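Undergrad: Fold the following, please.
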Amino acid sequence: MTENPATPAAVTIGDTVRLHPQGVSRFKILDIEDGRALIEAVVQSPGTYPFSVQVKYLVPADS
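TA: Got it, this is the predicted structure:
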């Protein structure tokens, strides 16, 4: 993943993000702690589950 230097101040709990600037999948931030965010896919489908990723890699998703 590519680090996004502007991300830490740009995202908060409840925001919708992507894992890459050109990413297709969108994720909702459920929690942020110690530089890591717990995120979950916006589109629910079988086999999806929340997972943790470093906040520095998240990219705010366009509305």
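Undergrad: Could you use CA atoms for every contact and neighbour count after this?
TA: Noted.
Undergrad: Centre of the chain to stretch 47-63, how far?
TA: Averaging C-alpha positions (C-alpha atoms, centre = their mean, to the nearest Å) puts stretch 47-63 2 Å from its chain's average.
Undergrad: what residue ranges in the chain are flagged as low confidence?
TA: Within the chain, the set of residues satisfying pLDDT under 70 comprises 1-9, 63.
Undergrad: Now do the strands in it.
TA: 16-18, 27-33, 36-41, 51-54, 59-60 (DSSP state E).
Undergrad: quick one, what contacts the most centrally placed residue in the chain?
TA: By C-alpha atoms, centre = their mean, the mean C-alpha position of the chain lies nearest to Val17, the distance being 4.2 Å. Val17 is in contact with Val11, Arg26, Phe27, Lys28, Ile29, Leu58, Val59, Pro60, Ala61, counting by C-alpha atoms under 8 Å, 6 or more residues apart in numbering.
Undergrad: if you set the cut-off to 7 Å instead, what comes out?
TA: Each residue near Val17 by C-alpha atoms under 7 Å, 6 or more residues apart in numbering is listed here: Arg26, Phe27, Lys28, Leu58, Val59, Pro60, Ala61.
Undergrad: What's the local residue count around the last one?
TA: In other words, Ala61. Neighbours of Ala61 under the rule other C-alpha atoms under 10 Å: 20.
Undergrad: measure it to Ala10 for me?
TA: Summarising the geometry, the distance separating Ala61 from Ala10, computed by C-alpha to C-alpha, to the nearest Å, is 11 Å.
Undergrad: and if you look at the second one?
TA: Phe27 is 15 Å from Ala10, where distance means C-alpha to C-alpha.
Undergrad: What of the fourth one?
TA: Note on Leu58: its distance to Ala10, by C-alpha to C-alpha, is 9 Å.
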